[in-house]
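**Q** Need coordinates for the below:
(2 chains)
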Number of protein chains: 2
Amino acid sequence: MTDQQIHPVILCGGSGTRLWPRSRAVRPKPFLPLVGEQTLFEQTVARCDRDAGFAAPIVVTGTAHLEHVEAQLAGDREARVIVEPSARNTAAAIALAALRLPADAVMLVCPSDHHIADCAAFQAAARAAAELARQGWLVSFGIAATAPETGFGYLEQGEAIDATGFKVARFVEKPDRTRAEQFLASGGYAWNGGIFAFRAGTFLDELAAHRPEIAAHARAAVAKGREQGAEFHPDAAEFAQIASESVDYAVMENTARAAMVSAQMGWSDIGNWEALHTARGGDDHGNTVIGNAELVDCRNVLVESDGPRVSVIGLDNVVVVVDGDDVLVTTRAGAQLVGKLGGAVNQ
Amino acid sequence: MTDQQIHPVILCGGSGTRLWPRSRAVRPKPFLPLVGEQTLFEQTVARCDRDAGFAAPIVVTGTAHLEHVEAQLAGDREARVIVEPSARNTAAAIALAALRLPADAVMLVCPSDHHIADCAAFQAAARAAAELARQGWLVSFGIAATAPETGFGYLEQGEAIDATGFKVARFVEKPDRTRAEQFLASGGYAWNGGIFAFRAGTFLDELAAHRPEIAAHARAAVAKGREQGAEFHPDAAEFAQIASESVDYAVMENTARAAMVSAQMGWSDIGNWEALHTARGGDDHGNTVIGNAELVDCRNVLVESDGPRVSVIGLDNVVVVVDGDDVLVTTRAGAQLVGKLGGAVNQ
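**A** Below you'll find the predicted structure:
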């Protein structure tokens, strides 16, 4: 009998500096309650609900984040964790998970640092993607574009496969503003949200075809790896030899079987404080406050404080974050530059 | 022989909320190093230099500020302190000092919460004012107006008395914007800086004429008072009966002997964070930083932090103050409202 479940593969990599000072190297973005009371990681796990047809999650993470992952899995006895001995980007991370699953298992690769407001829409898109994956497609989630974003890659929608699936005509790297506006106007482009569905075996075949060395080293790292409770530790020496490449670059852009489903699910990568402000929404004046604050004559102001009282007067479209020994004050536009600040760089 | 010295009478009253959170009830504005390394109080004392013809200062203050005053007098063995048993505004405070001086002593009444950039100009104006005071005038410093300020009282300049002195034609309460602009354009008006020169006896005579009850209770409070080292403590019961009135309202607006000298001396009352920003100046971009801060793409930004690192991106004309458990972020215009914030009100 074919496995009809969808196997969530949750990626917890990277440190992230763009939500500094709240997000820090020792307390990275996936593990913070940025929108609502659950952390982004907890929300990612919860979205892949067993009752909605998902199997137990496989989490791929590094040693630096392992403590957070295990604490926030909250005793899920079926969850499994693959501990990367070093950071080798998404192609390698996904290969490890694929090698730990049966070849016909449908994987759903989910970043753990995004926010998705509409869980039902996510699950519906996941089911549609899984159906295409079972037919041998490598499926990307195409996030319905709502703005001419220059920070995302885009998928150009090709011919229809079924009622909800399309071939990917083309992967487009981050465009400039003019092209992003053209994409948005044309309607035939979607954001590449970094969420993928494919059969484990299909993925490994395509990886072997396009990046045989990554496939071979990943296979050897798993063969020589060791289990330790719910953790699996690939062999460090083999894994270290893998080239650091994104799954998009290594596989998705090369395969002839690239498909996409359209997902309109309140997605945000929460890529900076402005995006977080949007994801959080606001009061009648567009203000959103976490912590102790007094706002006078303010609009579209985000305040987040881990303790001190923050008083803001007469400002529009600014972000004020107090965290430990750091205070950040930025315009929403300036939020793009946060990752380049001295404090964010030299954590 | 007539006493040719000028006797500085330095008033240290009020708590002040407009520079909150840096200034607080327990650490009020005169006792903070707001511009330069000395506090405003220390600068006020230093301006009245013995070498420039000033006598030892008499400081009038309340018990709440006594500790600051004595610490910041830095062992000036000649300085005297009058400790008000309660707050009764400036008419009473000046009366106490006048009663502790010989009748022919020329007093120079100086608030201790102002900044004066040009000390030589101050001293020259003080000498000119003292000369008029010796002739029996009650002399106000008229601060050359540089903006249509609505937060100050104005002096209308009358006929000339001598080369530098004029009669005061009229005292004008805080005007609205339109009138303030007219005053500025006309050139015949100056800000009332709250600095006064008169003989002690002249002041007491005018006070007795226009506010006999204040004069009588002040006299009784001093008569029943007690000395304690360099401190003088007026009688609390008598002092408590004094009406709380400003010297402007009680005496200066009523006397027929009101005169003024014009003073162009880089004066600022540092009435809010915007005024402090102006007094401090700034770098090539108009930014001024005290404490640990990183400014990116900012203009005319004031940052002051007592510890935490402050990172500011993309803002113009804002003030960021970190003090203890409070963070203030305001536009320069919003600085007017700081005193009304919950934190400032409920100190």
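**Q** Kindly report the domain assignment for chain A.
**A** Here the domain parsing of chain A from automatic domain parsing is A:6-268, A:273-345.
**Q** okay, the ones you listed in CSV with mean neighbour count and mean pLDDT next?
**A** Every residue, glycine included, has its C-beta placed from N, CA and C. Formatted as CSV, the domains of chain A follow (neighbours: other CB atoms under 10 Å in any protein chain shown; pLDDT from 0 to 100):
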stretch, mean neighbour count, mean pLDDT
domain A:6-268, 19, 95
domain A:273-345, 20, 95
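**Q** right, so of those domains, which gets closest to chain B?
**A** Nearest of these to chain B, taken as CB to the nearest CB: domain A:273-345 at 3.1 Å.
**Q** Need the nearest residue in space to A:Asn192, chain neighbours excluded.
**A** A:Gly153 (4.1 Å; CB to CB, 6 or more residues apart in numbering or on different chains).
**Q** next one: phi and psi at that neighbour?
**A** The phi/psi pair for A:Gly153 (degrees, to the nearest 10) reads phi -80, psi 160.
**Q** Could you do the one 5 residues further on as well?
**A** Note on A:Gly158: its backbone torsions stand at phi -100, psi -150 [degrees, to the nearest 10].
**Q** now the residue sitting nearest the centre point of chain A, nearest residue through space, not along the chain?
**A** Centroid-nearest residue in chain A, with CA atoms, centre = their mean: A:Pro111, separated by 2.5 Å. Once flanking residues are discounted, A:Pro111 sits nearest to A:Gly194: 4.9 Å by CB to CB, 6+ apart.
**Q** Give me the three-state assignment for that neighbour.
**A** With DSSP: H, G, I helix; E, B strand; the rest coil as the basis, A:Gly194 sits in strand.
**Q** looking at it, it is touching A:Asp113, isn't it?
**A** No. Between A:Gly194 and A:Asp113 there is no contact under CB atoms under 8 Å: 9.5 Å.
**Q** So for those two, which residues contact both of them?
**A** Common contacts of A:Gly194 and A:Asp113 (CB atoms under 8 Å, 6 or more residues apart in numbering or on different chains): A:Asp269.
**Q** contacts for the helix or strand containing A:Phe141?
**A** Under the criterion of DSSP states H and E, A:Phe141 resides in strand A:138-144. Strand A:138-144 is touched from outside by A:125, A:129, A:132-133, A:155, A:157, A:165-166, A:168, A:190-198, A:202-203, A:206, A:251-252, A:255, A:257-265, A:267, with contacts defined as CB under 8 Å, 6+ apart.
**Q** Chain A against chain B: which residues are in contact?
**A** Counting by CB under 8 Å from any CB of the partner chain, chain A comes close to chain B at A:21, A:294, A:296-297, A:305, A:307-315, A:318, A:320, A:322, A:324-331, A:333-335, A:337-338, A:340-343.
**Q** Mark which of those are part of helices, please.
**A** Within the residues of chain A next to chain B, residues falling in helices by DSSP state H are A:342-343.
**Q** follow-up on the earlier one: show me the contacts of strand A:138-144 that map onto helices.
**A** The helices, defined by DSSP H, take in A:125, A:129, A:132-133, A:202-203, A:206 from the contacts of strand A:138-144.
**Q** out of everything not next to it in sequence, what's closest to A:Gly281?
**A** A:Thr288 (6.6 Å).
**Q** if I pick that neighbour, what's in contact with it?
**A** Neighbour list for A:Thr288: A:277, A:280-282, A:301-303 [criterion: CB under 8 Å, 6+ apart].
**Q** Would you mind measuring from it to A:Trp273?
**A** Per CB to CB, to the nearest Å, A:Thr288 is found 11 Å from A:Trp273.
**Q** anything in contact with each of these two?
**A** A:Leu302.
**Q** would you list every one of the helices in the stretch 51-200 of chain A?
**A** Per DSSP state H, counting those that start in this stretch, the stretch 51-200 of chain A carries helices over the ranges A:63-72, A:89-99, A:119-134, A:177-186, A:200-210.
**Q** I'd like the distance from the third one to the chain centre, please.
**A** Relative to its parent chain, helix A:119-134 has a centroid offset of 16 Å by CA atoms, centre = their mean, to the nearest Å.
**Q** can you pull up the bridge partners for the residue nearest to the centre of chain A?
**A** Going by DSSP bridges, A:Pro111 is paired in beta bridges with A:Leu11.
**Q** got a list of what it touches?
**A** Shown in contact with A:Pro111 (CB under 8 Å, 6+ apart): A:10-11, A:44, A:194-195, A:269.
**Q** One more: A:Leu204?
**A** A:Leu204 makes contact with A:95, A:98-99, A:103, A:215 under the criterion CB under 8 Å, 6+ apart.
**Q** what sits up against stretch A:5-12?
**A** Residues outside stretch A:5-12 that contact it (CB under 8 Å, 6+ apart) are A:30, A:41, A:44-45, A:48, A:53-55, A:57-62, A:65, A:68-69, A:90, A:93-94, A:97, A:101, A:105-112, A:126-127, A:130, A:197, A:200.
**Q** how long is stretch A:58-75 end to end?
**A** End-to-end distance of stretch A:58-75 (CA to CA, to the nearest Å): 14 Å.
**Q** List the contacts of it.
**A** Residues contacting stretch A:58-75 (CB under 8 Å, 6+ apart): A:7-13, A:15, A:25, A:27-28, A:30-31, A:39, A:41-42, A:45, A:57, A:79-87, A:93-94, A:96-97, A:100-101, A:112, A:231.
**Q** Now with 7 Å, please.
**A** Stretch A:58-75 is contacted from outside by A:7, A:9-13, A:28, A:31, A:39, A:41-42, A:45, A:79-84, A:87, A:93, A:96-97, A:100, using CB atoms under 7 Å, 6 or more residues apart in numbering or on different chains.
**Q** roughly how far is it from the heart of the chain?
**A** 15 Å.
**Q** And stretch A:332-347, by the same measure?
**A** Worked out by CA atoms, centre = their mean, stretch A:332-347 lies 20 Å from the chain centre.
**Q** Show residues contacting it.
**A** Under the criterion CB under 7 Å, 6+ apart, residues A:17-18, A:20-21, A:24-25, A:272-274, A:277, A:317, A:319, A:326, A:328, A:330, B:294, B:296-297, B:309, B:311, B:313-314 lie in contact with stretch A:332-347.
**Q** before we move on, what about stretch A:28-35?
**A** A:12, A:15-16, A:19, A:22-23, A:39-41, A:65, A:68, A:72, A:112-113, A:115, A:270, A:276, A:279-280.
**Q** next one: stretch A:272-282
**A** Outside stretch A:272-282, the residues that touch it by CB under 7 Å, 6+ apart are A:18-19, A:34-35, A:115, A:268-270, A:288, A:300, A:302, A:319, A:330, A:332, A:335-336, A:338.
**Q** what do you get for stretch A:313-325?
**A** Contacts of stretch A:313-325 (CB under 7 Å, 6+ apart): A:21-22, A:273, A:277, A:296-306, A:308, A:310, A:312, A:328-332, A:335, B:307-309, B:327, B:329-331, B:333-334, B:337-338.
**Q** same deal with stretch A:179-188?
**A** Against stretch A:179-188 from outside (CB under 7 Å, 6+ apart): A:145, A:148-150, A:154, A:156-157, A:175, A:189.
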